[in-house]
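Engineer: Kindly generate the corresponding structure for this input.
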Amino acid sequence: MVSGADLVIDTVGGPDSSRFLTVLKRGGTMLPVFFAQYDPEETARLDITVSNIQVRSNGPQLAEIGRLFDEGKLKVGVDSTYPLSEAVSAHTRAAQGHIQGKIVLTVAS
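Structural biologist: Here you go, the predicted model:
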C-alpha cells in the first residue's frame, strides 16, 4: 500500500474519494480533477490541503509531466489492458467497478 505521498491527483472523484487521504503524509496535498467532497474536519486533522482544480490542456505542462513519467518519478496504476478491437470488453470491465488503476486500450501500429 502507498503511504507518505506529498501529492495525490484524484482522477476518480465521487463519494469514496476520501479513501485517498490515507496515502498522503501530513501536510500533503489532494488535487481532485473531478468533483469530490472531503470532510474539512478530517483534512484539517490530517493537515492536508485540498485544491479543487479544473484541468486544461497546456503543452509545456504536459511535456513536463511526460518527462516525469519517462524518468519514473510518476507512475500510473493500470488495472487492465485491451487491444482496441476489444473495446467492448474494456467497457464491460469498467462497468464491473472496483477498478485498481486505469483501463488501457492499445492501438496496433
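
Engineer: CA only for contacts and neighbour counts going forward, please
Structural biologist: Fine.

Engineer: What residues sit buried inside stretch 83-102?
Structural biologist: Going by neighbour count (16 or more other CA atoms under 10 Å), the buried part of stretch 83-102 is Ala90.

Engineer: cool, and stretch 70-86?
Structural biologist: Buried, per 16+ other CA under 10 Å, within stretch 70-86: Tyr82.

Engineer: what do you get for stretch 17-37?
Structural biologist: Neighbour counts using 16+ other CA under 10 Å place 17-18, 20-21, 23-26, 28-34, 36 of stretch 17-37 among the buried residues.

Engineer: Now intersect the residues you listed with the strands, please.
Structural biologist: Judged by DSSP state E, strands contain the following of the buried residues of stretch 17-37: 24-26, 28-32.

Engineer: Show me how the record splits this protein into domains.
Structural biologist: 1-75, 76-109 (automatic domain parsing).

Engineer: Which helix runs longest in the chain?
Structural biologist: Assignment by DSSP state H gives helix 59-70 as the longest helix of the chain.

Engineer: Distance from it to the middle of the chain?
Structural biologist: 16 Å (CA atoms, centre = their mean, to the nearest Å).

Engineer: Now do it, average pLDDT.
Structural biologist: Helix 59-70 carries an average pLDDT of 90.

Engineer: so which pair among the ones in strands among the buried residues of stretch 17-37 is furthest apart in space?
Structural biologist: Farthest pair in those (CA to CA) is Arg26 and Pro32. Separation: 17.6 Å.

Engineer: And the helices in this structure?
Structural biologist: So, for the chain - with DSSP H - the helices run 40-45, 59-70, 87-96.

Engineer: what's in contact with the second one?
Structural biologist: Put plainly, it is helix 59-70. With contact meaning CA atoms under 8 Å, 6 or more residues apart in numbering, helix 59-70 is reached by 74-75.

Engineer: and the nearest residue to Val23 once chain neighbours are set aside, what does it touch?
Structural biologist: Spatial nearest neighbour of Val23, excluding adjacent residues (CA to CA, 6 or more residues apart in numbering): Ser3 at 4.1 Å. Going by CA under 8 Å, 6+ apart, Ser3 touches 22-25.
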